[in-house]
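Novice: Following is a predicted model, sequence given first.
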Amino acid sequence: MTLSIATLLAESALRRPDKAAVVIGPSSTTYAELWEQARRYGAVLRERGVGPGDRVALMLPNVPDFPRAYYGALAVGAVVVPVHALLSAQEIAYILTDSGAKLFVCAAPLLGEGAKGGELAGVGVLSVLDGGDASVERLDTLAADVAPIDSYVSREPDDDAVILYTSGTTGKPKGAVLTQLNMVLNASLSATDIIELCLDDVVLGCLPLFHSFGQTCAMNAAFRVGATLVLLPRFDGATALDMLIGYSVTVFEGVPTMYLGLLDAARTDDRRPNLRLAVSGGAALPAAVLEKFKEVFGADIYEGYGLSETSPVATFNQADFGRRPGSIGHPIWGVEVEIAKAELDNRIELLPRGELGELVIRGHNVMKGYLNNPEATAAAIVDGWFRTGDLGTKDDEGFITIVDRKKDMVLRGGYNVYPREVEEVLLRHDAVAQVAVIAVPDPQLGEEVCAVVVRSPEAEGSDEELGAAIITWSKDRMAKYKYPRRVEFVEAMPLGPSGKVLKRELVERYA
């Protein structure tokens, strides 16, 4: 049996050659054109000695060069290593070295750190786009002058396809090795069972394509069915709202901070898109945001759940089971998700329905393991189950609810406080636009509950006055051990590559 992610683009180019595959600004690229461009990129990579199993690193924003290079590398049988666009030279060099990258494709505007990273790792660099160092050869220019390769190289289902590096919350980033089967099946199920994309759908690609959510659920899923992907290189609410309307977008996929950005933009822009579906993942979506989005945009948000290590989708609110706001739904087809005792490290002991524990996953979506890291792999995959590090419950109807990250829990005076639960309440305060609840050290209680808040435009008073008001308001709405005793204000939250709030940075700042 053979299988390659490259089929997702190749098949749509065959079936729908004249359909728009990628749109950016006024420029539109058909499926036939995009597949030919990818094969030209593949021809250049092959000339540089890249072949089956070699690793090609990509540090590219959301521009058409991403799918060109991504599918070009896959077409010659290479393994794609996406690199976060904001990393330092040293961080880039670590990923290039750890992955054993043979070649590094870097966008010209990112060459400042990218070229240094390539030099430190001893890896050759090719650039794309205008405005870079003239001494660095350009993949896009070279590709224009070569004949495209005929087709894609066949691969086996268990062959490596993509290596996604985790954010490295505990030490160095780890490379999750995902197979052709992992990625193809997850994209196919995302397109058909989960998001139920159709040929006429227009998907807004504002999630970073180097991140698993944007890569699988936006790009690969859209290409699987021949839908159109509209690219937004950098998200902001006003621009996204304008694009939703201007390009007649039918499917929006985002993380909670993006939904907050759209709601903020809607305060001063009365136009509304005609969305068929909105999908949220990457972090828990507060119920208050879900309700407000429905009120303002008239569209329901369907929540799902996944991780880089699970390709990424593991669960979703699916039509077959119904939708439950605040829940991450049911496991996707062919995947098992259960609740296990969180305190047991060396074995999996599943818990009865309704009990709180750690989400564990097994199925076709789970990675092979962490590259060059058998110890981390053994700790993460126990008794055939992948340990997520997330705490949650599964009810009698099979709906799964995330309570919080195991490591984010606040242990206050012997009581467990789950930040997400506190955040859900605080977001209903009129002065709170965004909030992240963290643990800060306390000499008496061990840890104290601290709320880090971004003010809403209507908020009045000094930080001290408003903080005191929020604490007083919280007392009446939460158990005594849960409400925050400390409130800090920030202009904006620190965000990771997918738009998720980086709580570890807040902890470092306020601890």
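Specialist: Structure's in. What do you need?
Novice: Would you confirm that residue 282 contacts residue 495?
Specialist: No - using C-beta atoms under 8 Å, residue 282 is not in contact with residue 495; the gap is 10.5 Å. Placement of C-beta: from N, CA and C, glycine included.
Novice: With neighbour numbers in mind, choose between those two.
Specialist: A side-by-side neighbour count of residue 282 and residue 495, using other C-beta atoms under 10 Å, places residue 282 first with 26 against 14.
Novice: Kindly report the domain assignment for this structure.
Specialist: Using automatic domain parsing, the domain parsing of the chain gives 30-178, 328-406, 409-510.
Novice: and among those, the most buried is which?
Specialist: Of all the domains of the chain, domain 30-178 has the most neighbours on average by mean count of other C-beta atoms under 10 Å, namely a mean of 20.
Novice: Now do that domain: distance from first to last residue.
Specialist: Terminal residues of domain 30-178 are spaced 28 Å apart (C-alpha to C-alpha, to the nearest Å).
Novice: do stretch 402-419 as well
Specialist: 11 Å.
Novice: Strands along the stretch 401-511 of the chain, start to end?
Specialist: Here the stretch 401-511 of the chain has its strands, by DSSP state E, counting those that start in this stretch, at 410-412, 415-417, 432-442, 446-455, 486-489.
Novice: got a list of contacts for the first one?
Specialist: Here strand 410-412 makes contact (C-beta atoms under 8 Å, 6 or more residues apart in numbering) with 416-419, 437-439, 442, 445-449, 481.
Novice: Could you do the fourth one as well?
Specialist: Applying C-beta under 8 Å, 6+ apart, the set of residues contacting strand 446-455 from outside is 410-413, 417, 422-423, 426, 431-442, 466-467, 470, 482-493, 506, 510.
Novice: residue boundaries of the strands in the stretch 201-350 of the chain?
Specialist: Counting by DSSP E, counting those that start in this stretch, the strands of the stretch 201-350 of the chain are 202-205, 228-231, 251-254, 277-280, 301-306, 313-316, 330-331, 335-340.
Novice: low-scoring stretches of the chain, by residue?
Specialist: 167-171 (pLDDT under 70).
Novice: Just give the closest residue to residue 206, not the sequence neighbours.
Specialist: Nearest-residue entry for residue 206: residue 232, 4.1 Å, with adjacent residues in sequence omitted and distances by C-beta to C-beta, 6 or more residues apart in numbering.
Novice: Show the contacting residues for that neighbour.
Specialist: 62, 204-206, 239-240, 243.
Novice: Looking at those, which are in helices?
Specialist: If you go by DSSP state H, the contacts of residue 232 have 239-240, 243 in helices.
Novice: Kindly write the PyMOL command that selects the buried subset of those.
Specialist: The buried residues among those can be selected in PyMOL (16 or more other C-beta atoms under 10 Å) with this line:
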select buried, resi 240+243
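Novice: Closest to residue 255 out of the ones in helices among the contacts of residue 232?
Specialist: Residue 255 lies nearest to residue 240 out of the ones in helices among the contacts of residue 232, by C-beta to C-beta, at 12.3 Å.
Novice: surely that closest one meets residue 263?
Specialist: No - Residue 240 lies out of contact with residue 263 (C-beta under 8 Å); the separation is 11.1 Å.
Novice: Now for the two: what residues contact both?
Specialist: Common neighbours of residue 240 and residue 263 are not found (criterion: C-beta under 8 Å, 6+ apart).
Novice: quick one on the thing from earlier: out of the domains of the chain, which gets nearest to residue 188?
Specialist: Among the domains of the chain, domain 328-406 sits nearest to residue 188 (C-beta to C-beta), with 9.9 Å.
Novice: Quick one: distance of that closest one to the chain centre.
Specialist: 19 Å (C-alpha atoms, centre = their mean, to the nearest Å).
Novice: May I have the distance across it, first residue to last?
Specialist: End residues of domain 328-406 are separated by 17 Å (C-alpha to C-alpha).
Novice: most neighbours per residue, which of the strands of the stretch 201-350 of the chain?
Specialist: Of the strands of the stretch 201-350 of the chain, strand 313-316 is the most buried (mean count of other C-beta under 10 Å), at a mean of 28.
Novice: Return the list of helices and strands in contact with that one.
Specialist: The contact analysis (3 or more C-beta pairs under 8 Å, 6 or more residues apart in numbering; DSSP states H and E) places strand 313-316 against strand 301-306, strand 330-331, strand 335-340.
Novice: what residues does it touch?
Specialist: Here strand 313-316 has contacts from 186, 189-190, 194, 216-217, 281, 302-307, 328-332, 335, 337, 361, 363, 365, 400, using C-beta under 8 Å, 6+ apart.
Novice: Distance of the residue nearest the centre of the chain relative to residue 314?
Specialist: Ranked by distance to the mean C-alpha position of the chain (C-alpha atoms, centre = their mean), the top residue is residue 213 at 3.6 Å. Residue 213 sits at a distance of 12 Å from residue 314 (criterion: C-beta to C-beta, to the nearest Å).
Novice: thinking again about what came up before, just want to check the distance between the closest residue to the residue nearest to the centre of the chain other than its chain neighbours and residue 188.
Specialist: Of all residues not flanking residue 213 in the chain, residue 207 sits nearest, at 5.1 Å (C-beta to C-beta, 6+ apart). Going from residue 207 to residue 188 by C-beta to C-beta gives 19 Å.
Novice: So which residues of the stretch 251-400 of the chain form helices?
Specialist: 256-266, 287-297, 374-380 (DSSP state H, counting those that start in this stretch).
Novice: Please save the CA atoms from the shortest one in CSV.
Specialist: Spelled out, that is helix 374-380. This file holds the C-alpha atoms of helix 374-380, laid out as CSV (Å, rounded to 0.1, in the frame of the first residue of the first chain):
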residue,chain,number,x,y,z
PRO,A,374,12.9,7.8,23.4
GLU,A,375,12.6,8.9,27.1
ALA,A,376,10.0,11.6,26.2
THR,A,377,8.2,9.2,23.9
ALA,A,378,8.0,6.5,26.6
ALA,A,379,6.6,9.1,29.1
ALA,A,380,4.0,10.3,26.6
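Novice: change the start of the numbering to 770 and stick with it
Specialist: Let's use 770 as the start, then, which means that last one is helix 1143-1149.
Novice: Kindly indicate whether residue 930 is helix, strand or coil.
Specialist: strand (DSSP: H, G, I helix; E, B strand; the rest coil).
Novice: What is the nearest of the contacts of residue 1001 to residue 1158?
Specialist: Nearest to residue 1158 among the contacts of residue 1001: residue 975, at 26.6 Å, using C-beta to C-beta.
Novice: The closest one contacts residue 830, doesn't it?
Specialist: No - Residue 975 sits out of contact with residue 830 when judged by C-beta under 8 Å, with a separation of 11.3 Å.
Novice: who wins for proximity to residue 1174 among the strands of the stretch 970-1119 of the chain?
Specialist: That would be, of the strands of the stretch 970-1119 of the chain and by C-beta to C-beta, strand 1070-1075, which comes in at 12.3 Å.
Novice: That closest one - contacts with which helices or strands?
Specialist: When contacts are defined as 3+ C-beta pairs under 8 Å, 6+ apart, strand 1070-1075 sits against strand 1046-1049, helix 1056-1066, strand 1082-1085.
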